[in-house]
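# Give me a 3D structure for the following:
(chains A, B, C, D and E, ligands or ions: 4)
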Amino acid sequence: MLNVSGLSAAYGASQVLFDVSLDIREGEVVTLLGRNGMGKTTTVRSIMGLVAPKGGGVQFEGQPVAGLSPERIARMGAGLVPEGRQVFATLTVRENLVATASNRLKRNDPWTLQKVYDLFPRLGERAGQMAGTLSGGEQQMLAVGRALMTNPRLLILDEATEGLAPVIRTEIWHVIERLKAQGQSILLIDKNLGVLKRLADRHYIIEKGRTVWSGTGADLERDAATVQGYVGL
Amino acid sequence: DPVKIGMITTLSGPAGYIGEQIRDGFQLAMDREGGKLGGKEVELIVEDDALNPGNGRQIAEKFVNDMDIKLLTGIVFSNVAGAVVPDVVDNGAFYLSPNAAPSGLAGKGCNENYFTIAWQNDSLHEATGAAAKALGYKKAVALAPNYQAGKDAIAGFKRMFGGEVEEIFTQLDQTDFASEMARIRAANPEVVFQFHPGGIGIAFLKQYQQAGLLGAIPMVLSEPSIDGVILNAVGDAAIGLTGTSHWGADFDNEASKEFVAAWTGKFGDRPLTYYAQQSYDTGLLIASALAKADVEDADAFREALRAADFASTRGNFAFGPNQHPVQDWYMVEVTAGPDGKPVTVTKDKIIESYGDIYAAECKM
Amino acid sequence: MILILEQLLNGLQYGVMLFLMAAGLTLIFGIMGVINLAHGSLFMVGAYAGTMAAAATGSFWLGIPVALVTAAVVGFAIEALVIRRLYARDHLDQVLATFALILLFNQAITWGIGRQPVFIAIPEGLAAPVELLPGLFYPPYRLVIIAAGLLVAFGLYLLINRTRIGMLVRAGATNRDMVRALGVDIRLLYTIVFGLGALLAGFAGYMAGPISAVQVGMGEQILLATFVVVVVGGVGSIKGAFVAGIVLGVIDTMLRAFLPGILRSVMPASEADALGIGIASMGIYLLMALVLLVRPKGLFAAGG
Amino acid sequence: MSTQSQEMKSLGVKIAVALAAAVLLAVPFLTDFIGGNSALSLITRILIYSIAAASLNFVLGYGGMVSLGHAAFFGIGGYVVGLMFVHYTDETPLLGFIPGSNQLMVTIPAAILVSGLLAFIIGALSLRTGGVQFIMITLAFAQMIFFFFVSLKAYGGEDGIIIRRTNEFLGLNMRDRMTLYYVVLGFWVLFMLALWRVIHSSFGTVLRGMRQNERRMAALGFAPYRYKLYAFVLSGMGCGLAGALMANFLRFASPDMLHWTKSAAVMTMVILGGVGSFFGPLLGTAAYLVLETELAALTEYWQFWLGLILMAVVLGTKGGLNALVARGVALIFRGRT
Amino acid sequence: MSNAILEVKGLVKRFGGLTATDSVTLDVRPGEVHALIGPNGAGKSTLINQLCGELAPDEGQVFLAGTEVTAMDVPARVALGLGRTFQITNLLNDMTVRENIAMAVQARAGHNFRIWDVVRRRRKLWSEAEALLDGTPLEHRAHVPVAGLSHGEKKQLELLVALARKPQILLLDEPMAGLGHAESQEMVIRLRDVAQTMPMLLVEHDMEAVFALATRISVLVYGRIIATGTVDEIRTNAEVREAYLGAEDELC
Ligand SMILES: Nc1ncnc2c1ncn2[C@@H]1O[C@H](COP(=O)(O)OP(=O)(O)OP(=O)(O)O)[C@@H](O)[C@H]1O
Ligand SMILES: Nc1ncnc2c1ncn2[C@@H]1O[C@H](COP(=O)(O)OP(=O)(O)OP(=O)(O)O)[C@@H](O)[C@H]1O
Ligand SMILES: [Mg+2]
Ligand SMILES: [Mg+2]
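Ligands and ions are numbered 1, 2, ... in the order given. Predicted structure coming up:
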């Protein structure tokens, strides 16, 4: 459903991505691995149209999306949990969740406010509080909930478990498992390699803006030495 | 070479209409002789000071130093005049004021190259005070914004009025006068005097009517509050007011009739104000002087100006010792014109051959 | 007694008028976060458009739709041509651009209509003062303005706090990219909301016409006052702007009405007058400074 | 940036400064080429206003404090000169004990001192707020001072104070435009050098930090309030100097100098030139004043064209004229190598 | 009086109806890494903010090296030797990595009201900044403005800036968050090194790191400290497992 090939991108004059390629098929959970500053977030931003790609192609459901506006891409079914939360600080928790909620793809079992509150009871307790005053972890939950409320076809989680307590982290992994079972496609960026190995179908590693390795969980075990060089163990 | 005349005036902002009147009035004086004044070819150069003393000064500098202009006129506002006039006269050029005449330049600060054709600022309101007195009022409420011109206005009014005056000060940028209306009603004076220039004056008059005070308590106004443009914008809220003026469009003298006809001929029904008239008179004065002397010959030209040897649209006109006008003041009444729009009708003469109180301080 | 009551009513009415003038700015500046100095120009555009229409048709009421539509269309145009390019930029760029707009609008009016102020009458039936209480006369047109102000306040409150549009605009003010990345066409939304703000400005301008002067530069006269209202109320809060309008209106009116008198009872008359007038004439600026010193974010900081 | 290109750049700056110095010194002899005597006045005004603009830019661009009240300091500077002149000619002491003066070496330091004091008071109160509230509270204080002087009957109210003679200075003939120009130029050079030092000083660096992130600076141990207040006072003093020079140049001080539109105009100059850049305020001031005078001479609808040009600059450049010039210079350099 | 560097007694902070800090008493002693863990929204950051003076507590006292600092503002406490990092990075965005560090050095060096010196010539600032950068992942990014750093790089810079200020005690709010897998491991090593000379209060959700670094752990739940103990005590505390750790096998 998502196909990125030979993607390059830059911030102003400094080029960050040189050659990133990856594929996500319907219902797959795919990870993007790499050390800090290698271009994971930039890849995500390029996919979402938040950074204009310089070259290469991005196709969503077979349609080229490079150059489209973020809202167009989002409407086609991409749902983003951005790095660093980026909740709407001046809106309440509830407003954060409902402001951009939608079910464009007409899911018959869409995410609702209640379901999000069930997933993160903490958000229910804080429904009327300004998001800017939430704790770091609460904001992170809100960012995840907000993306879920758009009922996306492809969910992109950029370090979505950052700052979450272990119990909540576990909870999120459960959700991802459940979503995966329902056929949701997911792109994951995270540092918890152990869990990722178990959850994901395939992995990509990027290094200095280039895809340098890709394979399944089994391949990961097999190439442990190479992988360790890229992301540590 | 034509005699160049530099006009620094305010063409932008809410007061832009005043500058426009001044420019057009002067042009009419030139048109009279087919572009000449006093038989000499003249060239009028107009620039907008945007009501900014610094800008005015810059323009004057260019006129006097670069373009070698010896005759300047046109300034609307006193604070622009304050920045421009001293510099102009120090450089040996003449400044002839068609409007602004601050006291600072009328008394100790007077200068032989500085002439005022309109009036001294204070006398506008002194005349109104005299009118209120003449109408037999003893108890007045006087309103003006809390700034220099406002205080001067009330002081001027009181000087000639003589009766009991309650003062109410407003703000310069005030838009709502409901509170003042209530205070006026509570004070219940025999007459109200108010001075609010420009837009706030329009608002004041409209709200006076809306509060039901128009007709209930008579109002007297000085000239700047009832010029033709303001009356137009105020509409029927002005009808019945009493004002004072040194000139009116209905003046029965040749010069005035000629002027009004020329204005109507050129600008149709665009309101005519005393600003245009003052500027027109300035043109006539220059013409009279140019006919006698060269601008280059400053002393002779100054003498010619002092003589004020022209037929003023206001009839009686002479210069006092500080080279400010000595003239008559009239009472005017605002009535509905043929089309229902308010117009002023000139009534009695209130003061005759009046100059100003600063003249004595002027040593020339 | 009746005088105090009347002055209170006057203050209230002035306060509502202040709010009405500031309402559009609350949207554009308070919620969208755009420093729009040209708010006054939109006020002026509405006043001129409506007045011209009223003069042509002879009906005050027909002027209203014309004022609204013209101001909104001009608002759309400004947003699409200028403001849209500046959201991502420093606020100071907005200051310069909208300052340029003021110059353009003032000259455009001078060019097209002329420098003279134009006349607009109060609609028939609303002109003659009515007696609210024995001895308390009040111009009915002002009652209409109060009603209009209340209506606008209520409508805006609902729009901002109860609808998704309100949420999205507030969200966009802090993080535009994120709103887009969640599938909302914020550019369209912002154009619409800016247009709405312009429309409100135009409405206020037209309604103010019969009690003040319709002239070039009329917008700059109210510009500061409107910013004061928004800031005193707490940027981004409709409730705040409304309360601030009324508080400022009442206190300002009461100060002007009674301060010199009160001071005269404790000090010599001439000094009392000078001091009282001095304080009163600094009006809303003094009040704003005091409010901000006590509550640096205004009366109702956003979200409160 | 490589050290080589940095060296190139600093060399470029040196050459530009030397060139500018030569031009500024020669201005009075070039007036015939650049439009006559009034051009000398225009350039004098540009120098004076650019002091005010650079002072504002110091708090606004470097310190992140958007003040819309700097006309207060500009105006007070002017009024100090005016008041001292009035009392000099009246031979009465000001407030009963301060003798008047017509000596530039007295009035200028006095103006700087008084405006610094005023900036201290206004700053100490205003800096309790930040952001938009800061804009408005500085505006409020400036407006109060404006209203105060507008109703100050003893000193001409809104008609202002006419200063018949420019202050005396080292026995020079200050009525001579050229002399006055060089005196202003002298103050300008001193001011710009001082500003350069301050910006690159320890304090200047801290100030830039404050603009970017006050909370971080506090966490490092810098007390934001004190640093910002210090900057605000320095900036007020700069504006006071400009005001004092302007009063001497115009031989006039009036509330117009204190009006909020003056604050706005100076801010416009800063933004036009480029916020937070050293030469931006000068460029902005020059562009603004030249446009204003030249356009006004061409057409009475000059504000329309001024508006259009300002708009073009905002929309077309990111970072004002300074950025535009920098890009132009970069283009030339790249073209060569 | 104990010899604790940092001591908190009965601290209370309420936000409306919510008691975010509920009579918290704890201390940090020389040579120790005191870890503070607890569920999201337990009040850890709120506590840190009160310790460093950004938030005023409603009740209770804070002592820094024996001096009561409860009423002092942030800079005053920093001057007494308190250092911190922010959970959500808080840096000078337009300045480079090196300048950010130099600013911290400058803060410590003083003389910052001088308007007549030249910062670039204060060589010690720059050499010290260089020295701090040496051997870190940011070494080659010294000239990059913070705005051009990735998320994880900013987190690394947070720590360097705090270290450059040379505090007596360091409050760390989730230093591992945002770091990659490999970087987290490197950070643990680095912190262990720093801990030799600098006591710390460490807030962190990365249990691997906490267990590797802490000499003592306190658990905060709903604003209250429910347990304090050694790594092993906490690891096996049933209440903590339930409220916070969850099924640990999920972890790695
Ligand atoms: N706004 C920006 N401007 C300039 N450069 C940037 C910007 N954002 C990121 N970069 C640079 O782009 C490169 C890739 O950054 P990116 O955020 O994509 O990395 P990442 O892999 O997501 O890292 P992390 O794990 O730390 O989040 C980094 O070197 C970073 O310095
Ligand atoms: N200004 C505030 N107003 C209301 N509630 C607040 C405010 N600040 C924080 N809170 C609430 O206080 C609680 C404690 O927040 P705090 O940030 O201290 O949590 P934390 O322990 O750091 O959590 P995390 O691990 O997620 O960062 C949270 O529930 C938060 O929503
Ligand atoms: Mg990233
Ligand atoms: Mg936290």
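
# What does the pLDDT read for B:Asn119?
Wrong residue type there; residue B:119 is Trp, not Asn. Confidence per residue is given as pLDDT, and for B:Trp119 that number is 93.

# Would you list the phi and psi of the residue of the stretch 201-337 of chain D found nearest chain B?
Going by Cβ to the nearest Cβ, chain B is nearest to D:Phe252 of the stretch 201-337 of chain D, at 4.1 Å. (Each C-beta comes from the backbone N, C-alpha and C, glycine too.) Backbone dihedrals for D:Phe252, given as degrees, to the nearest 10, come out at phi -160, psi 140.

# That one - how many residues pack around it?
Each residue near D:Phe252 was counted by other Cβ atoms under 10 Å in any protein chain shown, and the total is 33.

# With adjacent residues omitted, what lies nearest to it?
Spatial nearest neighbour of D:Phe252, excluding adjacent residues (Cβ to Cβ, 6 or more residues apart in numbering or on different chains): B:Ala83 at 4.1 Å.

# average pLDDT for the helix or strand hosting the one you found?
Taking DSSP states H and E as the definition, B:Ala83 sits inside helix B:78-90. The average of the pLDDT scores along helix B:78-90 is 92.

# Quick one: list the elements packing against it.
Helices and strands in packing contact with helix B:78-90 are listed as helix B:53-61, strand B:94-97, strand D:252-253; criterion 3 or more Cβ pairs under 8 Å, 6 or more residues apart in numbering or on different chains; DSSP states H and E.

# what do you get if the cut-off is 7 Å, keeping everything else the same?
Judged by 3 or more Cβ pairs under 7 Å, 6 or more residues apart in numbering or on different chains; DSSP states H and E, the packing partners of helix B:78-90 are helix B:53-61, strand B:94-97.

# As CSV, could you dump the C-alpha coordinates of the shortest one?
Output of strand B:94-97 as CSV, limited to C-alpha atoms (Å, rounded to 0.1, in the frame of the first residue of the first chain):
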residue,chain,number,x,y,z
PHE,B,94,8.5,83.8,3.5
TYR,B,95,5.9,81.7,5.1
LEU,B,96,2.2,82.7,4.6
SER,B,97,-0.1,80.7,6.8
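
# moving C-terminal of that strand, what's the next helix or strand?
As assigned by DSSP H and E, the chain's next helix or strand after strand B:94-97 is strand B:114-116.

# Just the residues contacting that next one, thanks.
By Cβ atoms under 7 Å, 6 or more residues apart in numbering or on different chains, the residues outside strand B:114-116 that reach it are B:85, B:89, B:95-97, B:101, B:105, B:305, B:319, B:323-325.

# hmm, which two among these are most spread apart?
When the contacts of strand B:114-116 are compared pair by pair using Cβ to Cβ, the farthest-apart members prove to be B:Val89 and B:Pro325, with a separation of 18.3 Å.

# which one of these two has more residues nearby?
With neighbours defined as other Cβ under 10 Å, B:Val89 and B:Pro325 compare such that B:Pro325 has more, 28 against 19.

# Spit out the contact partners of residue 71.
All of this is about chain A. For A:Glu71, the contacting residues are C:180, C:183-185, taking Cβ under 7 Å, 6+ apart as the criterion.

# please go with chain C instead
Each residue near C:Ala71 by Cβ under 7 Å, 6+ apart is listed here: C:42, C:45-46, C:49, C:198-199, C:201-202.

# Give me the distance from stretch B:249-260 to the chain's centre.
Stretch B:249-260 has its C-alpha centroid displaced from the chain centroid by 17 Å (Cα atoms, centre = their mean, to the nearest Å).

# Report the buried residues of that stretch.
Neighbour counts using 16 or more other Cβ atoms under 10 Å in any protein chain shown place B:249, B:251, B:255-256, B:259-260 of stretch B:249-260 among the buried residues.

# domain ranges for chain A?
In the domain annotation for chain A, the residue ranges read A:2-77+A:153-231, A:88-152 (automatic domain parsing).

# Next, format those domains as JSON lines and append mean pLDDT and distance to D:Val329.
Rendered in JSON lines, the data for the domains of chain A read as follows (pLDDT from 0 to 100; distance: least, Cβ to Cβ, whole Å):
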{"stretch": "domain A:2-77+A:153-231", "mean pLDDT": "92", "distance to D:Val329": "17"}
{"stretch": "domain A:88-152", "mean pLDDT": "93", "distance to D:Val329": "40"}
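
# Tell me which of the ones you listed sits nearest to D:Gly221.
If you check each of the domains of chain A against D:Gly221 by Cβ to Cβ, domain A:88-152 wins as the nearest, at 24.3 Å.

# is the closest one anywhere near ligand 4?
Yes. Between domain A:88-152 and ligand 4, judged by Cβ under 5 Å from the ion, the touching residues are A:135-136.

# How about that domain and ligand 2, any contact?
Yes. Domain A:88-152 reaches ligand 2 (Cβ under 6 Å from any ligand atom) through A:126, A:129, A:133-138.

# Of those residues, keep whichever come out buried.
Buried subset of those (neighbour count, 16+ other Cβ under 10 Å): A:126, A:129, A:134-138.

# List the contacts of the host helix or strand of B:Glu41.
Using DSSP H and E, B:Glu41 sits within strand B:40-48. Contacts of strand B:40-48 with the rest of the structure, by Cβ under 7 Å, 6+ apart, involve B:2-12, B:19, B:23, B:26-27, B:30, B:36, B:59, B:290, D:296-297, D:300, D:302.

# In helices only, show me these.
Secondary structure defined by DSSP state H assigns B:19, B:23, B:26-27, B:30, B:59, B:290, D:296-297, D:302 of these to helices.

# Contacts only, for B:Gly38.
B:286-291.

# Top of the residues you listed by number of neighbours, please.
B:Ile286 (30 neighbours).

# Can you tell me which residues in the stretch 51-200 of chain D are near chain B?
Of all the residues in the stretch 51-200 of chain D, those in contact range of chain B (Cβ under 7 Å from any Cβ of the partner chain) are D:150-151, D:153, D:156-160, D:162, D:164.

# Pull out the buried residues from stretch C:71-82.
Along stretch C:71-82, the positions that meet the burial threshold by neighbour count (16+ other Cβ under 10 Å) are C:71-76, C:78-79, C:82.

# next one: stretch C:132-141
C:136-141.

# when you check chain C, which of the residues of the stretch 51-200 of chain D next to chain B turn up near it?
Answer for those near chain C (Cβ under 7 Å from any Cβ): D:Ser151.

# With adjacent residues omitted, what lies nearest to residue 43?
Since you didn't name a chain, this refers to chain A. Nearest residue to A:Thr43, sequence neighbours excluded (Cβ to Cβ, 6+ apart): A:Val20, at 5.2 Å.

# my bad, chain C
The shortest distance from C:Phe43 to any residue other than its chain neighbours is 3.8 Å, reached at C:Gly205 (Cβ to Cβ, 6+ apart).
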